[in-house]
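*Asks:* sequence first, predicted model second:
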Amino acid sequence: LQVPRAPSQPLASSESKRFTNKHSKKALKASLTLGILLGMFFVAWLPFFVTNVTQAVCGCVPAGFFDVLTWLGYCNSTMNPIIYPLFMRDFKRAMGKFLPCCRRSGEPRPSAISLSMRNSNSRPCAATSLKNVL
């Protein structure tokens, strides 16, 4: 017995390919972002840790050089809030909701109640709808 092919099967195949392509682009972008973040972390903190071990073994590292490497590591922490919005659209949208400087002109400001409900682990009462909370 042969089952007749439905005319929508080629369409489903193209939708599947489109979904796979979209998913692989997202995964590639996430991998790129993670690679950049980890690369910057290693570039900033590896010299500090190597110098720290060297200082413990021989005590031959000048204090000024050690301070420069420490501040290089601190600069890495300041770069993270810059890198995330550059590469992650979802992060940019979330920051736009909570920071007045990043909010678009038409977006409403979240209320203190909705923020506290989102940040708490408590569930809303049964009488409160999800639409009212968010």
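*Replies:* Arrived safely.

*Asks:* was I right to think Pro85 contacts Phe91?
*Replies:* Yes: with the criterion set as C-beta atoms under 8 Å, Pro85 and Phe91 qualify as a contacting pair; they are 5.8 Å apart. (C-beta placed from N, C-alpha, C; glycine too.)

*Asks:* for Thr51, give its distance to Phe41.
*Replies:* Shown here: Thr51 relative to Phe41, a distance of 16 Å by C-beta to C-beta, to the nearest Å.

*Asks:* typed the wrong thing, it's Tyr74
*Replies:* As for Tyr74, its distance to Phe41 is 12 Å (criterion: C-beta to C-beta).

*Asks:* ok, the two, which is more surrounded?
*Replies:* With other C-beta atoms under 10 Å as the criterion, Tyr74 and Phe41 differ in neighbour count, and Phe41 comes out ahead with 15 against 12.

*Asks:* for the helix or strand in which that one is found, the averaged confidence score.
*Replies:* Using DSSP states H and E, the secondary-structure element containing Phe41 is helix 9-58. Mean pLDDT, helix 9-58: 82.

*Asks:* from Pro62, how far out is the nearest residue to Lys92 once chain neighbours are set aside?
*Replies:* With sequence-adjacent residues excluded and distances taken as C-beta to C-beta, 6 or more residues apart in numbering, Lys92 is closest to Pro85, at 4.4 Å. Between Pro85 and Pro62 the distance, using C-beta to C-beta, works out to 37 Å.

*Asks:* which of the two has more neighbours?
*Replies:* Just comparing Pro85 and Pro62: by other C-beta under 10 Å the higher neighbour count belongs to Pro85, 16 against 10.
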